[in-house]
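**Student:** Need a 3D model of the sequence below.
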Amino acid sequence: MKKLTILLITIGLILQISGIVMADNIGDHQVTIIIAVVNELEIIGGNITLTINTATAGSGLIDDTDNTCALDWTTNSGSVKKITGQLDTDYSTGISLAVNVTVAGGNGASAGQQTLISASAVDLVTGMHNEFVSANTLGYTASAPTASPASETKTVTYTILDQ
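**Tutor:** Okay, here's the model as predicted:
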């Protein structure tokens, strides 16, 4: 009986030791990083008011300009993007708003001063890809050379699109 007890204890110790030796002391798993396409725009500066209240005799009303806003963007897209500007509704006949984005860096190029007179999108910046750019001056010029006194508020929407 003693021999059987010693044999069982010995077998138990051997199994415990082999269990310790066989235990896995390494763990691993995969980590996947997914980077989605990101296109972000931000307008820096609040709402603006352009007031046309002067004229040159014999030459019509003098435009009003505001360059206090900025347009920042980030795009990590490998495909070429552009920024468009669009009014929510048309201005009345004789009133127009010109927009100019002065590009501060990156791949994008300004399309120069573009006139927004209707609810149709106009290209403002082209050639953007894999960039983040801030402090791009957003300039507005209001014109109404022959318009009667009026006040119109429009919303300008900026959008990043595939070029």
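**Student:** How many neighbouring residues does Gly108 have?
**Tutor:** By other C-beta atoms under 10 Å, the residues close to Gly108 number 24. Heads up, the C-betas are built off the backbone N, CA and C, glycines and all.
**Student:** which parts of stretch 47-56 are buried?
**Tutor:** By 16 or more other C-beta atoms under 10 Å, the buried positions in stretch 47-56 come out as Ile52.
**Student:** And the average pLDDT for it is what?
**Tutor:** Across stretch 47-56, the average pLDDT comes to 95.
**Student:** And stretch 142-156, by the same measure?
**Tutor:** Confidence for stretch 142-156, expressed as mean pLDDT, is 91.
**Student:** Quick one: end-to-end length of that stretch, please.
**Tutor:** 13 Å (C-alpha to C-alpha, to the nearest Å).
**Student:** Now that stretch: buried residues?
**Tutor:** 142-144, 147.
**Student:** and which of those residues is nearest to Asp63?
**Tutor:** Of all those, Ser143 has the smallest distance to Asp63: 4.9 Å, by C-beta to C-beta.
**Student:** partner residues bridging the closest one?
**Tutor:** Beta-bridge partners for Ser143, by DSSP bridges, are Ser96.
**Student:** so what's it up against?
**Tutor:** By C-beta atoms under 8 Å, 6 or more residues apart in numbering, the contact set of Ser143 is 52, 61, 63, 95-98.
**Student:** likewise Thr137?
**Tutor:** Residues near Thr137 by C-beta under 8 Å, 6+ apart: 67, 69-70, 100-102, 104.
**Student:** how far away is Lys154 from Gln86?
**Tutor:** Noted for Lys154: a distance of 10 Å to Gln86, by C-beta to C-beta, to the nearest Å.
**Student:** which residues touch stretch 45-62?
**Tutor:** By C-beta under 8 Å, 6+ apart, stretch 45-62 touches 63-66, 68-70, 97, 138, 140-147.
**Student:** Take those and keep only those in strands.
**Tutor:** If you go by DSSP state E, the contacts of stretch 45-62 have 64-66, 68-70, 97, 138, 140-143 in strands.
**Student:** Quick one: buried ones out of these?
**Tutor:** 64, 69-70, 97, 138, 140-143.
**Student:** Would you quantify the distance from the most centrally placed residue in the chain to Gly27?
**Tutor:** Nearest residue to the geometric centre of the chain (C-alpha atoms, centre = their mean): Glu40, 1.5 Å. Distance, Glu40 to Gly27, using C-beta to C-beta: 38 Å.
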